[in-house]
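Student: Please work out how this folds:
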Amino acid sequence: MTSVAPSPGKGIQGEIKHLLEEQYSFVGGDRVQNMLIEDLIRIFQQYSRDPWNLEMGETLWFAVHMDEKPGPGKKLAQMRVVPVILSVTHEDDKKLRANGYSAKEVRRYRVARLLREAYRQKGVLTQADVAELIGVSAGTIGKDIREYQAEHGVILPYRGTIHDIGPSLTHKKVIIEKFLQNIPTP
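Tutor: Sure thing, here's the model as predicted:
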């Protein structure tokens, strides 16, 4: 049996090209339409993940892109988002419980892990995102974040700190505190 190469114009590229020519002919010429098609397919591939390739305990979530600039009145629908794979449950959680950590302590580590996982994938989660993923209130998540940061002397990468919005502890505040303690800026 011989393989047959796909005919030009067939497949998703052909369907998009046909749609552009028939319904959106005002969208540039052939070259512009082809560039748009390439961008649309790239975005589609980036945002569509096969759920069968996720590990046990992982989920797909859409987070605000880390480089998104907040603005007054800017709605989530106007922001660039990025798909991230998050481990809602993890072997580390089991190990912590086995080592006598309380449910609250395990949850704080889980919150920190989720925030860091999203950030490594160029996304930032809100406290409400994490609350939805874990099944507790956003207030509980806020308290967990504050306690974890104080206990470990770190700033977790969530939307409030990265985009410097809301009442979160900002990098600027930490820099000023370190400066007042005569600790070098780097």
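Student: Count the neighbours of the closest residue to T126 other than its chain neighbours for me.
Tutor: Distance criterion CB to CB, 6 or more residues apart in numbering; nearest residue to T126, sequence neighbours excluded, is R159 at 4.6 Å. C-betas here are computed from N, CA, C, even on glycine. Other residues within reach of R159 by the criterion other CB atoms under 10 Å amount to 24.
Student: try G29
Tutor: Applying other CB under 10 Å, we find 8 residues neighbouring G29.
Student: Tell me how far it lies from M35.
Tutor: Going from G29 to M35 by CB to CB, to the nearest Å gives 10 Å.
Student: How about K74?
Tutor: Computed with CB to CB, the distance linking K74 and M35 is 27 Å.
Student: Y158 now?
Tutor: Applying CB to CB, the value for Y158 to M35 is 35 Å.
Student: With H18 instead?
Tutor: When H18 is compared with M35 (using CB to CB), they lie 17 Å apart.
Student: and what of Y101?
Tutor: Taken as CB to CB, the spacing of Y101 relative to M35 amounts to 52 Å.
Student: same deal with S48?
Tutor: Taking CB to CB as the measure, S48 and M35 are separated by 21 Å.
Student: G28 touches E21, doesn't it?
Tutor: No. Checked against CB atoms under 8 Å, the pair G28 and E21 is beyond contact range at 11.2 Å.
Student: how much space is there between L133 and Y24?
Tutor: When CB to CB is the yardstick, L133 and Y24 sit 38 Å from each other.
Student: Among these two, which residue is more densely surrounded?
Tutor: Neighbours per residue, other CB under 10 Å: of L133 and Y24, the larger number sits with L133, 17 against 12.
Student: ok, so what distance separates the more buried one from E21?
Tutor: As judged by CB to CB, L133 and E21 stand 43 Å apart.
Student: M79 too?
Tutor: As judged by CB to CB, M79 and E21 stand 31 Å apart.
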